[in-house]
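Enquirer: let's see this in three dimensions:
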Amino acid sequence: MSDQTETTGKGPGPAQAVGGQDPNHGHGHGHGHGHGHGHGHGHGHDHDHAHGHGHSHGHSHGHSHGHSHGHSHGHAHGHGHHHTLPDNRRAFALGAAINLGFVVVETIAGLASNSLALLADASHNLGDVLGLLLAWGAATLARRVPSQRFTYGLRSSTILAGLTNAMVLMLITGGIVVEAVQRLAAPHPAAVMAPVVLWVALAGIVVNGGSALLFLRDQAHDLNARGAWLHLASDALVSLGVAVSALLIPLTGWLRLDAITSLLVAAVIIRGTWGALRDTLNLALHAVPSGVDSAAVRGCLQTLPGVTEVHDLHIWAMSTTETALTAHLVMPDERGSDQFVAGVCERLAREFGIVHATLQIEGGSVPCALAPDTVV
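Expert: Predicted coordinates:
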């Protein structure tokens, strides 16, 4: 029977393994036969527990003597420090409140001025409000601790929120395109109250631009925050385009310019949303996150000292900000010590941003059923 050690590391930090005997407590004489199983969790202090079966005779002497026969399987979990999710819930809530108020104003102004461009921008802003509310709720759910049913917690709710937001925006944009085409096909386009459109569009630049700044800090490492930042920043540019069209309509008398502007707004929405839709759909399907090179990760593990083979390698996103990995490392010399595992976990976190790594060390004497790449 081959010895296997399964090791889980969440980011850099020391990992500790406990076998069938405890080296730190040695008062007593024990003789027996059995299998030792231990679980160690490293949180900056040591807790060792030994469980065995046999007969023991305890004597209060300062020396320990023990004899055991069997096989031990250890599981070590190293927790150097906690990788917490960015707490941007306040930004999502504030951004949603500001934009919801502006949606109401923009919708009323769009209906009063007969401006499809304003209504299109209001629809886009409404999609942003829904997205911000979903992201806010998901960010709250993601901070819940793991349970027996949801062993990873509810971190993946952030992925579902991003996917839902992208799909809603696509549906809204489709309605804008249909209405714009109908207005362009109309023989006599309706007049537009350009001054109203201009002032509301200028207000939209301020509202959307200011809301986008709320997510500027977190957008580099959080897919939901990046989606909010892109949408709000594009809204500010869209509002600028609407303001320009409101200035040109009185000068040129070309009423169809409003419908053309709404098509341009739709194009901006589709371009910005398509990437978010693709990325969140990939994450929902457990694809390797776009920022992680799976070939480079495999190469890194294969070049570790003592490792002769790497198989059953899986990399996926636990949330829009956290990446996990599992892999089997074949080490015939069985050099999978605590220091070795801690170093591997630290390197994966530092070089690839993988903060939750689970490594199973195998001796290679027994073929692993999960070794073929076609087996999951």
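
Enquirer: mind listing what's buried in the helix or strand encompassing Ala342?
Expert: Using DSSP states H and E, Ala342 sits within helix 338-352. For helix 338-352, a neighbour-count test (16 or more other Cβ atoms under 10 Å) marks 338, 340-349, 352 as buried. C-betas here are computed from N, CA, C, even on glycine.

Enquirer: which SS class is the residue nearest to the spatial centre of the chain?
Expert: Geometric centre of the chain, nearest residue: Thr320, 1.6 Å, by Cα atoms, centre = their mean. Of the three states, Thr320 takes coil according to DSSP: H, G, I helix; E, B strand; the rest coil.

Enquirer: need the per-residue pLDDT for it.
Expert: At Thr320, the model reports a pLDDT of 79.

Enquirer: how about the helices in the protein?
Expert: Under the criterion DSSP state H, the chain contains helices at 89-113, 116-142, 157-185, 194-213, 223-252, 257-284, 294-302, 338-352.

Enquirer: would you turn these into a markdown table with mean pLDDT?
Expert: Formatted as a markdown table, the helices of the chain follow (pLDDT from 0 to 100):
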| stretch | mean pLDDT |
| --- | --- |
| helix 89-113 | 88 |
| helix 116-142 | 80 |
| helix 157-185 | 84 |
| helix 194-213 | 89 |
| helix 223-252 | 82 |
| helix 257-284 | 85 |
| helix 294-302 | 95 |
| helix 338-352 | 91 |
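
Enquirer: now Ala191: how far from Gly253?
Expert: 10 Å (Cβ to Cβ, to the nearest Å).

Enquirer: just checking, Glu351 touches Cys300?
Expert: Yes. Contact criterion Cβ atoms under 8 Å: Glu351 and Cys300 qualify, at 6.9 Å.

Enquirer: helices or strands up against the helix holding Ala342?
Expert: On a contact count with 3 or more Cβ pairs under 8 Å, 6 or more residues apart in numbering; DSSP states H and E, helix 338-352 meets strand 4-10, strand 72-79, helix 294-302, strand 354-362.

Enquirer: output it as CSV - backbone C-alpha positions only.
Expert: This file holds the C-alpha atoms of helix 338-352, laid out as CSV (Å, rounded to 0.1, in the frame of the first residue of the first chain):
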residue,chain,number,x,y,z
ASP,A,338,5.6,20.5,5.7
GLN,A,339,8.3,22.9,4.6
PHE,A,340,8.1,21.6,1.0
VAL,A,341,4.3,22.0,0.9
ALA,A,342,4.3,25.5,2.5
GLY,A,343,6.9,26.6,-0.1
VAL,A,344,4.8,25.3,-3.0
CYS,A,345,1.7,27.0,-1.7
GLU,A,346,3.5,30.3,-1.2
ARG,A,347,5.0,30.1,-4.7
LEU,A,348,1.6,29.4,-6.3
ALA,A,349,0.1,32.4,-4.5
ARG,A,350,3.0,34.7,-5.3
GLU,A,351,3.5,33.8,-9.0
PHE,A,352,-0.1,32.8,-10.1
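
Enquirer: where's that helix relative to the chain centroid, distance-wise?
Expert: Averaging C-alpha positions (Cα atoms, centre = their mean, to the nearest Å) puts helix 338-352 20 Å from its chain's average.

Enquirer: and for stretch 202-209?
Expert: That offset, for stretch 202-209, works out to 29 Å (Cα atoms, centre = their mean).

Enquirer: buried residues in that stretch?
Expert: Neighbour-count burial for stretch 202-209, counted by 16+ other Cβ under 10 Å, picks out 203-205, 207-209.

Enquirer: and of these, the nearest to Leu134?
Expert: Using Cβ to Cβ, Asn208 is the member of those that sits closest to Leu134, with 18.3 Å.

Enquirer: isn't the closest one right next to Ala233, touching?
Expert: Yes. Using Cβ under 8 Å as the test, Asn208 is close enough to Ala233 to be in contact (7.4 Å).

Enquirer: the nearest residue to Leu237 once chain neighbours are set aside: what's it in contact with?
Expert: Counting by Cβ to Cβ, 6 or more residues apart in numbering, Val268 is the residue found nearest to Leu237 once chain neighbours are left out, at 6.9 Å. With contact taken as Cβ atoms under 8 Å, 6 or more residues apart in numbering, Val268 is in contact with 234, 237-238.

Enquirer: what subset of these is buried?
Expert: Counted by 16+ other Cβ under 10 Å, these give 234, 238 as buried.

Enquirer: save the contacts of Val268 as JSON lines, and put in distance to Pro195 too.
Expert: As requested, those are exported to JSON lines (distance: Cβ to Cβ, whole Å):
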{"residue": "Ser234", "distance to Pro195": "25"}
{"residue": "Leu237", "distance to Pro195": "22"}
{"residue": "Val238", "distance to Pro195": "19"}
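
Enquirer: Arg256 and Gln339: what is the separation?
Expert: Separation of Arg256 from Gln339 (Cβ to Cβ) stands at 71 Å.

Enquirer: and His356, by the same measure?
Expert: Taking Cβ to Cβ, one finds His356 at 20 Å from Gln339.

Enquirer: how far away is the residue lying closest to Met331 once chain neighbours are set aside from Val207?
Expert: Spatial nearest neighbour of Met331, chain neighbours left out: Gly306 (4.7 Å); criterion: Cβ to Cβ, 6+ apart. Distance, Gly306 to Val207, by Cβ to Cβ: 59 Å.
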